[in-house]
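K.L.:
Provided below are the primary sequence and the corresponding predicted coordinates.
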Amino acid sequence: MSLVARHLEENGIPTVIIGAARDIVEHCGVSRFVFVDFPLGSPCGEPFDSDMQSGIVAQALNLLETAAAPRTTVTIPHLWSKGEDWKKTVFTPDQPFLSQDQVKNWEARKQRYRDQKERS
């Protein structure tokens, strides 16, 4: 979505991204970004919490109107009600969703990318 937002911006259509993967979204250089520290797939808040969801969307619309500079990021202060245990399965050196062969392939691809980037 970040690259689509950049394309739209380049063609005169203002955008705002609501998302959780801050490092990725900011690296892509979107114009306006509302960061929520929630599990992936839940950028607008918790299921069935319409007050939270409405508040996040309102923040995004406000940012669309008020951002004073490119690459503006606003962090939403909401906390995930079930705590932060979800981060243990995401931010870990282990890859719990991959087999050992898949982990080796993933690490090899990462190294090829680093090597290629270094040569550029």
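P.N.:
Cool, got the structure.

K.L.:
Longest helix in this protein, please.
P.N.:
Criterion DSSP state H: the longest helix present in the chain is helix 100-119.

K.L.:
Please state the offset of that helix from the chain centre?
P.N.:
22 Å (CA atoms, centre = their mean, to the nearest Å).

K.L.:
what about it, average pLDDT?
P.N.:
For helix 100-119, the mean per-residue pLDDT is 86.

K.L.:
How much space separates the residue most central in space within the chain from R112?
P.N.:
Most central in the chain under CA atoms, centre = their mean is A21, positioned 2.4 Å from the mean C-alpha point. To R112, A21 is 22 Å away according to CB to CB, to the nearest Å. All C-beta atoms are positioned from the backbone trio N, CA, C, and that covers glycine.

K.L.:
coming back round to it: surely the residue nearest to the centre of the chain meets L40?
P.N.:
Yes - A21 sits in contact with L40 when judged by CB atoms under 8 Å, with a separation of 6.7 Å.

K.L.:
Tell me the gap between stretch 38-46 and the middle of its chain.
P.N.:
For stretch 38-46, the distance to the chain centre is 10 Å (CA atoms, centre = their mean).

K.L.:
same deal with stretch 28-47?
P.N.:
5 Å.

K.L.:
Wait, a strand at W80?
P.N.:
No - W80: not assigned to a strand; according to DSSP: H, G, I helix; E, B strand; the rest coil it is coil.

K.L.:
how near is the closest residue to M1 other than its chain neighbours to E46?
P.N.:
Of all residues not flanking M1 in the chain, I17 sits nearest, at 6.1 Å (CB to CB, 6 or more residues apart in numbering). Using CB to CB, I17 is found at 19 Å from E46.

K.L.:
A69 now?
P.N.:
For A69, the distance to E46 - CB to CB - is 31 Å.

K.L.:
quick one, which of these two is more surrounded?
P.N.:
Between A69 and E46, E46 has the larger neighbour count (other CB atoms under 10 Å), namely 15 against 7.
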